[in-house]
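Coordinates only, no sequence provided:
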């Protein structure tokens, strides 16, 4: 593909050296033209049509581009333009279409089955557009009262819709906030837990604190713990097993904690997962909380992906016992139509978050109205002080699709995953590698006996994935490696995905597998 | 104001208890309708017109609403709707207009002079809309190659436009990334510095690490250091003085570091500021770096606000000596038209960031194309793994306004601030409290002699600010408290602000001051 470049060329001599002091008689700039309602309207309609056209022709793109590192960098000038070319906005949009989009991985494609979904919706995307247009910074209540209040409302709405315990919501004495990502959410929880524990045992003992997870827990947890100053050697990744569906064992957790206590260390924090990244394993919340309680350990539940599924009552049992957890997070941008980014963190005791992360400075305006009231200043609930008005988007999604609409959405994907799983099971050349719980199917091609050991089987499946992903017009999947076993992951969750896409994806996998096996047979025949 | 509520009412019995297992014969949901191009087009045009109308009537709103805590929460239902009402999107937009906007602080108002600007532009806002529509997650190069490459290009474009040393850019062996906020940026830098230092002195000595700033440094720094496990007692806030224009003194820094070394502690990190939050003070970079170097201390420059001004060569001298800094951050969402959020972090040695924050997991797809190449995976450069495609917005801003256009934009605001400062100086009742460097003017009403001491003067100015902000149709300003002196801050930087708004704002300040002084005279006369 060799698109026509509309990139400007930098004509004339560089003007960087020209010193024009402020107020030296230069033509007054017309600030208002940078946010002129009419220009915004005209260019805004262009952008909306551009995005709608992109959705309409999404299927024309390979999900993943065939490009090499540097492909775009080397096409762009080394400097920003000094002055814009004429119709700069229209020209730039054409470059987005002709140069940038062909180099993207199209997460919204109906054939995107890799990683986890980044589910987009009309309302989610337009909620973001609205937030960007209004562009406020609700770091305190006073800095935009309606933004803070809508956030408080919407985290309770979502918590109830997901069947979380009331103790995590404002209506039950807890509370929630909207952040960017899970790593931020866990980091906030760890710092709150750390400060509480160090207040008890003395701040000099930070090196003795130990955190716990399973070998399936997302790296975000280890990253957050490391950032918070927990020693890398003090992160216990407890082994999981296929027989336990890769769930964290309370017995092994108890043994690990006791060993640390015996060694003079201090158990601090447990990150349990509902829906692990590799195979969507679910850790047993109630039993893990019971173990954690005996050691005064903070329990966080990371439900980044599967939290969205909790909107369906049939999944509620997966978080039985969650009344005992200290904090809980999920990504509404993953599978709940809320567009990137929208991580929701709920905590049982907001005062612990505020003690760890809060501030008070004179330059922050306290409203007369806010004084003496129990006002939430969200800057004290997270890493960041500046923040976006994410609540508007999430409120629009809940309002315009409704809880039942979100259930339909989740169940539709789960149904498709059931179909895919059944197709895998019906083909004796393949095997399902982890019990399907939500809308992810982990599977692999059985290696022919003559092929030899586990490494050869892994190589075979690695090659299968490469060939599947190389088809261009076919699906795009990713892989997992659990206990040394390499497997393919088919994560169904793109908003545009329909049953037909899942069936077509399976057909491609079968075809590529047949071709691979044929090649190997002929190699063996020659040998 | 008593707007008509269009909020839905929750009719019928709650349906939360109804268990409908997946695949149990319910009507298949139509996923595609959640991202239907035609519906997106129709509702998208509605949103664009909504935002354009908001800009057009921005001046009708008081900048800051007169509302009490709970005003919005108490109007909203306790639960999300089960099913959406008819025309849910249109109804929700009306609620945004009638209920939410009247409860917002309008940061885009031409009369918003509080805090620092959150500068919006047509291109910045539409860049966000475009990013939300495309909705990719470029956590690795492979996860969206064009997104990563555009980010690499645009941080170099901006670094050059701001006259940063090449050593902080990809073209000079360093590199940059786009984050949400300054606190994240500083946190990443501290963790990288911490890990490097602990590798030298032993990980058990985290409690001995000391960080340095001035008493004018933004709280974000202390927050970041605390999150990273630096002991709260080990944050040295060095006093600044009005005679030094509130800049951090290299001599005092050296004394503080030496005292810590003598006490067996380990100097780790210095946060210097170009444009402090309260008065836009500028710390002397070159001299501070020289002191830091003698102790092996990492130097970060926080130019959150004033970094934008560096696009003008006449401000370049403020970062003389920046070749020696280890990292540098600024917020393009503050004063460079890039809409919230867009914090740019540059580092001299990306390998130190990656060593502190990086990971490698099998489930992350490595492209054949990427293997063996020097590919940037931005997930290893920051706290978050999930990230937004912020580069698109920043690229559009640079492309469509050009470096000279951004200079005009900055100089226009600086000129207005010069005007405001001159008006303050021309009125003997007032005094300018800190040397104006950019587009912030700090001033206060001189207290009449009979009023008494400094506390009374502070009270007078606090009351003046309250009265100014209470006018509704007038300006909205904030305050600073430096060295026990309370002052008003007039931060000029809203995209829509023109000279006329600045003059009108000053008129309101004068009128309110005159009224206050008259009231006090009559009270004194009675006494």
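Nice, thanks for sending it over. Predicted, not measured: the structure shown is a model, and the values here were computed from it. Residues are numbered from 1 along each chain as shown, chains lettered A, B, ... in the order given.

For the residue of chain A found nearest chain B, the count of nearby residues, please.
Of all residues in chain A, residue A:229 sits closest to chain B, at 2.0 Å by CB to the nearest CB. For every residue, glycine as well, the C-beta is placed using N, CA and C. Counted by other CB atoms under 10 Å in any protein chain shown, the residues lying close to residue A:229 total 25.

how about it, what does it touch?
Neighbour list for residue A:229: A:194, A:206, B:194, B:206, B:228, B:229, B:230 [criterion: CB atoms under 8 Å, 6 or more residues apart in numbering or on different chains].

Could you do residue A:205 as well?
A:198, A:266 are the contacts of residue A:205 under CB under 8 Å, 6+ apart.

Equivalent analysis for residue A:113, please.
Residues near residue A:113 by CB under 8 Å, 6+ apart: A:475, A:476, A:477, A:478, A:489, A:490, A:491, A:492, A:494, A:497, A:505.

what about residue A:464, distance to residue A:430?
10 Å (CB to CB, to the nearest Å).

neighbour-wise, which of the two wins?
residue A:464 (23 against 20).

and the contacts of residue A:113 near chain B, which?
A:478, A:489, A:497 (CB under 8 Å from any CB of the partner chain).

Need the pLDDT of residue A:361.
Predicted confidence (pLDDT) for residue A:361: 41.

Check the one 5 residues further on too.
Model confidence at residue A:366, expressed as pLDDT, equals 47.

Also residue A:448?
84.

Just the ones next to chain B among the contacts of residue A:113: which are in strands?
Of the positions in the ones next to chain B among the contacts of residue A:113, A:478, A:489 sit in strands, assigned by DSSP state E.

Spell out which two among the contacts of residue A:229 are the most distant pair, please.
A:194 and B:194 (15.1 Å; CB to CB).

For the helix or strand containing residue A:393, which residues meet the burial criterion?
Element membership for residue A:393 (DSSP states H and E) is helix A:391-426. Residues of helix A:391-426 classed as buried: A:391-421, A:423-424 (neighbour count, 16 or more other CB atoms under 10 Å in any protein chain shown).

Also within reach of chain B: list those from the residues you listed.
Answer for the buried residues of helix A:391-426 near chain B (CB under 8 Å from any CB): A:392, A:395-396, A:398-405, A:407-409, A:411-415, A:418.

now the strands for the stretch 51-200 of chain A?
A:112-113, A:175-179 (DSSP state E, counting those that start in this stretch).

got a markdown table for those strands, with mean pLDDT too?
Formatted as a markdown table, the strands of the stretch 51-200 of chain A follow (pLDDT from 0 to 100):
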| stretch | mean pLDDT |
| --- | --- |
| strand A:112-113 | 98 |
| strand A:175-179 | 98 |
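
Highest mean neighbour count out of these?
strand A:112-113 (a mean of 28; mean count of other CB atoms under 10 Å in any protein chain shown).

Now find how far off-centre that one is within its chain.
On the basis of CA atoms, centre = their mean, to the nearest Å, strand A:112-113 sits 15 Å off its chain's mean C-alpha point.

Check stretch A:430-440 too.
Relative to the mean C-alpha coordinate of its chain, stretch A:430-440 is positioned 21 Å out (CA atoms, centre = their mean).

got any ranges where the stretch 101-250 of chain A has weak pLDDT?
Along the stretch 101-250 of chain A, no part satisfies pLDDT under 70.

Identify each of the helices in it and give its residue range.
Listed in chain order, the helices of the stretch 101-250 of chain A (DSSP state H, counting those that start in this stretch) span A:122-134, A:145-161, A:182-201, A:219-227, A:250-262.

how distant is the third one from the center of its chain?
If you compare the mean C-alpha spot of helix A:182-201 with that of the full chain, they lie 21 Å apart, counting by CA atoms, centre = their mean.

does any part of it sit near chain B?
Yes. On the criterion CB under 8 Å from any CB, helix A:182-201 is in touch with chain B at A:182, A:183, A:184, A:187, A:191, A:194.

What is the burial count for the third one?
This means residue A:184. 26.

Leaving out chain neighbours, which residue sits closest to it?
Among residues not flanking residue A:184 along the chain, residue A:383 sits closest, at 5.6 Å (CB to CB, 6 or more residues apart in numbering or on different chains).

Please tell me I have it right and that neighbour contacts residue B:187.
Yes. Counting by CB atoms under 8 Å, residue A:383 touches residue B:187, with 6.6 Å between them.

Who's the closest spatial neighbour of residue A:345, skipping the chain neighbours?
The shortest distance from residue A:345 to any non-neighbouring residue, by CB to CB, 6+ apart, is to residue A:185 (4.0 Å).

re earlier: which of the ones next to chain B among the contacts of residue A:113 tops the neighbour count?
Greatest neighbour count in those, by other CB under 10 Å, goes to residue A:497: 26 neighbours.

Next up, the contacts around that residue.
Applying CB under 8 Å, 6+ apart, the residues near residue A:497 are A:110, A:111, A:112, A:113, A:413, A:416, B:31.

check contacts around the closest residue to the fifth one other than its chain neighbours.
It stands for residue A:413. Spatially, and ignoring its direct neighbours in sequence, residue A:413 is nearest to residue A:439 (4.2 Å; CB to CB, 6+ apart). By CB under 8 Å, 6+ apart, the contact set of residue A:439 is A:335, A:410, A:413, A:414, A:416, A:417, A:491, A:492, A:493.

gap between residue A:65 and residue B:147?
On the measure of CB to CB, residue A:65 and residue B:147 end up 11 Å apart.

same deal with residue A:343?
Note on residue A:343: its distance to residue B:147, by CB to CB, is 20 Å.

now swap in residue A:147 and tell me
Counting by CB to CB - residue A:147 and residue B:147 are separated by 28 Å.

and what of residue A:309?
28 Å.

related to what we said a few turns ago, phi, psi for the residue nearest to residue A:413 please.
As for residue A:439, its main-chain torsions (degrees, to the nearest 10) stand at phi -120, psi 30.

Next: residue A:345.
phi -120, psi 130.

State the distance from it to residue B:102.
Taking CB to CB, one finds residue A:345 at 29 Å from residue B:102.

Over to residue A:66?
When residue A:66 is compared with residue B:102 (using CB to CB), they lie 51 Å apart.

same deal with residue A:250?
52 Å.
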